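> Sequence plus predicted model, see below.
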Amino acid sequence: MKQIFKASALALALATTVNMSVVSYAQAADQQKIEERKKRKSQVLSQSVGRKVAKAFELYSADQIDEAIALLLEVDASKPFDAAYISRFLGNMYAGQEGKGKLAIKHLKKAVAPDLLNFTEHAQSVRLLADLHSQEKQYKEAIKAYYDWMNFTGKEDEKVYIRIANAHYELKELSKVIGPADKAIKLQTKPNETPYVLKMASFYERKKYNEAVKVVEMLVKLFPEDKRWWPQLGQFYLLIEDYQKALSTMELAYKQGHLDKESHIKVLSQLYATNSIPYKAAVLQEKFMNNGDSALIKRTKQSVSTLANSWHAAKETRKAAHYYGEAAKFDNDAELYRKQGSLLNESERYAEAIPVFEKALKHGSKKRGRIYLSMAEAYFYQEKYKEAHEAIKNAMKDPSTKRTARSWASYIKDTAKRKGQSI
């Protein structure tokens with residue numbers, strides 16, 4: 001039979017919340033009745049039905065499934081046990097066929113309803129019925145059938161509790177996921193991440209981030225070699241605004257080689273910035289952007305301008321200017337050109353700054369007064385006083401820079417006169 005259970009994609013830790021409606025079915029089940037069922041004398045098929053069942057089994061064993069099914073469907077089983085046995089046989093065969101899950105359910109329900117099969121056959125049929133309900137996304141029926149199996153057998157099973165938890169998750173009964181997931185964890189003899197993942201999903205979707213963090217912490221502890229959980233934990237620490245733990249977790253994950261996605265590197269870079277370590281943020285971004293075709297961070301306007309901001313925050317003005325210029329070229333962003341020009345001025349690269357400021361003006365900057373002031377400064381320090389004076393006159397036309405520009409104008413004139421230059 002094809003796989004009927006798929007773990008939920010979300011991932012994360014050991015919370016203490018337990019749905020108290022989930023009781024220990026092994027304890028609650030009537031053990032005396034269970035023992036009586038086990039000792040109950042098995043019934044036998046009537047002679048005529050038995051022969052047809054034997055023939056059907058031969059066909060089944062020879063992989064002639066359709067022929068076996070056709071033969072059993074023709075059987076007129078008047079005795080209740082004969083009918084239950086044939087229904088079980090049909091249900092088992094339909095369960096192994098693609099797209100025949102609902103037919104299998106129909107026959108297995110008929111098989112278990114009268115409770116005439118022997119203990120093992122009945123238990124197996126109820127368990128298969130539960131699995132089929134789950135496969136067919138009939139989750140309410142699946143939950144009931146799984147509990148019916150536990151009541152009938154007096155057993156508890158890790159996988160059964162996982163499937164119950166998953167069924168509640170699929171039904172969006174998120175608070176009901178925790179109880180059976182915790183039961184599954186308690187029954188584990190070997191760590192299995194699935195119930196933890198279901199708990200994480202339940203807490204996350206209910207915005208119980210602190211509880212979700214505890215689940216991921218446990219996943220990291222139990223499965224330290226699984227690289228998925230380290231960045232997940234770091235990002236969950238971000239959700240609860242524990243930036244120190246987020247940074248230390250992501251740094252450790254990085255050193256262990258667990259960060260292999262663009263989003264992971266961006267989160268670590270963001271954390272460096274948040275924790276006032278812009279230099280490391282910039283180095284990390286640059287490393288993963290400058291690897292050519294194998295670069296993990298794609299070279300987009302956003303990523304390049306973010307790198308420029310990081311170098312700017314780290315006071316690496318030359319590098320910041322370079323990347324502001326690169327980012328500006330994507331769509332001739334006037335503001336990024338202005339930032340590049342300002343940093344070129346700050347780096348005393350005045351001759352390089354002028355054409356950059358001109359690009360900012362050409363492409364429609366709304367901060368024209370500030371740009372003309374910066375251009376005047378760049379010309380002034382190149383001792384191009386005439387050009388500086390022309391730029392400062394333009395700056396005076398902008399109300400936001402008019403006052404500053406006037407003081408500059410006098411200073412430029414006085415300096416030019418002292419240097420013997422006419423403006």
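Noted; the coordinates are in hand. Numbers count the residues shown, from 1 in each chain.

> low-scoring stretches of the stretch 251-400 of the chain, by residue?
Scanning the stretch 251-400 of the chain for pLDDT under 70 picks out 292-294.

> One more pass at 90, please.
The stretch 251-400 of the chain contains residues with pLDDT under 90 at 290-295.

> Show me the helices in the stretch 1-150 of the chain, by range?
Using DSSP state H, counting those that start in this stretch, the helices of the stretch 1-150 of the chain run over 25-28, 31-39, 47-61, 65-73, 80-95, 101-112, 119-135, 139-153.

> go on, the stretch 201-350 of the chain?
Using DSSP H, counting those that start in this stretch, the helices found in the stretch 201-350 of the chain span residues 209-222, 229-239, 243-255, 262-274, 278-289, 301-313, 317-328, 334-346, 350-362.

> Flag every buried residue along the fourth one.
Along helix 262-274, these residues count as buried under the neighbour rule (16 or more other CB atoms under 10 Å): H264, I265, K266, V267, L268, S269, Q270, L271, Y272, A273, T274. (C-beta placed from N, C-alpha, C; glycine too.)

> same deal with the shortest one?
Of the residues in helix 229-239, those buried by neighbour count under the rule 16+ other CB under 10 Å are W229, W230, P231, Q232, L233, G234, Q235, F236, Y237, L238.

> Does the last one touch L247 like I think?
No - under the contact definition of CB atoms under 8 Å, L238 does not touch L247, with a separation of 9.5 Å.

> can you list residues touching both of those two?
Here L238 and L247 have L271 as joint contacts, going by CB atoms under 8 Å, 6 or more residues apart in numbering.

> quick revisit: in a markdown table, list the helices of the stretch 201-350 of the chain along with distance to D157.
Shown next, in a markdown table, are these (distance: least, CB to CB, whole Å):
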| stretch | distance to D157 |
| --- | --- |
| helix 209-222 | 20 |
| helix 229-239 | 26 |
| helix 243-255 | 34 |
| helix 262-274 | 37 |
| helix 278-289 | 46 |
| helix 301-313 | 49 |
| helix 317-328 | 57 |
| helix 334-346 | 61 |
| helix 350-362 | 69 |
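
> Of the ones you listed, give the one that comes closest to K386.
The closest of those to K386 is helix 350-362. By CB to CB, the value is 13.7 Å.

> got the buried residues for the next helix or strand after the closest one?
With elements assigned by DSSP states H and E, the helix or strand that comes after helix 350-362 is helix 368-381. Buried residues in helix 368-381, defined by neighbour count with 16+ other CB under 10 Å: 368-380.

> what's in contact with helix 368-381?
Here helix 368-381 makes contact (CB under 8 Å, 6+ apart) with 338, 341-342, 344-345, 348, 350-351, 353-354, 357, 360-361, 365, 385, 387-389, 391-392, 394-395, 397-402, 404-405, 408, 412, 415.

> What's the per-residue pLDDT of the residue lying closest to T274 once chain neighbours are set aside here?
Nearest residue to T274 in three dimensions, chain neighbours excluded: Y243, at 5.2 Å (CB to CB, 6 or more residues apart in numbering). Predicted confidence (pLDDT) for Y243: 95.

> Low-confidence ranges, the stretch 1-150 of the chain, go.
Applying pLDDT under 90 to the stretch 1-150 of the chain flags the ranges 1-42, 76.

> Can you get me a residue count around the closest residue to L233 other than its chain neighbours?
Among residues not flanking L233 along the chain, V216 sits closest, at 4.4 Å (CB to CB, 6+ apart). V216 is flanked by 29 other residues according to other CB atoms under 10 Å.

> now V49
21.

> Distance check, it against L71.
To L71, V49 is 11 Å away according to CB to CB, to the nearest Å.

> Check E316 too.
82 Å.

> cool, H389 as well?
Here the criterion is CB to CB. By it, H389 lies 106 Å from L71.

> Kindly report the same for E262.
Remark: distance between E262 and L71 (CB to CB) = 59 Å.

> try V356
Separation of V356 from L71 (CB to CB): 86 Å.

> Quick check on those two: which one has the bigger neighbour count.
V356 (27 against 18).

> Can you tell me the closest non-neighbouring residue to the more buried one?
Leaving aside its sequence neighbours, V356 sits nearest to G341 (CB to CB, 6+ apart; 4.0 Å).

> Quick check: that neighbour touching A353?
Yes - at 4.6 Å, G341 and A353 qualify as touching, with contact defined as CB under 8 Å.

> and those two? which has more neighbours close in?
Using other CB under 10 Å as the criterion, G341 and A353 rank with G341 on top: 29 against 26.

> Could I get the contacting residues of that one?
By CB under 8 Å, 6+ apart, the contact list for G341 reads A353, I354, V356, F357, A360, I371, S374, A378.

> switch to 6 Å and redo it
A353, V356, F357 (CB atoms under 6 Å, 6 or more residues apart in numbering).
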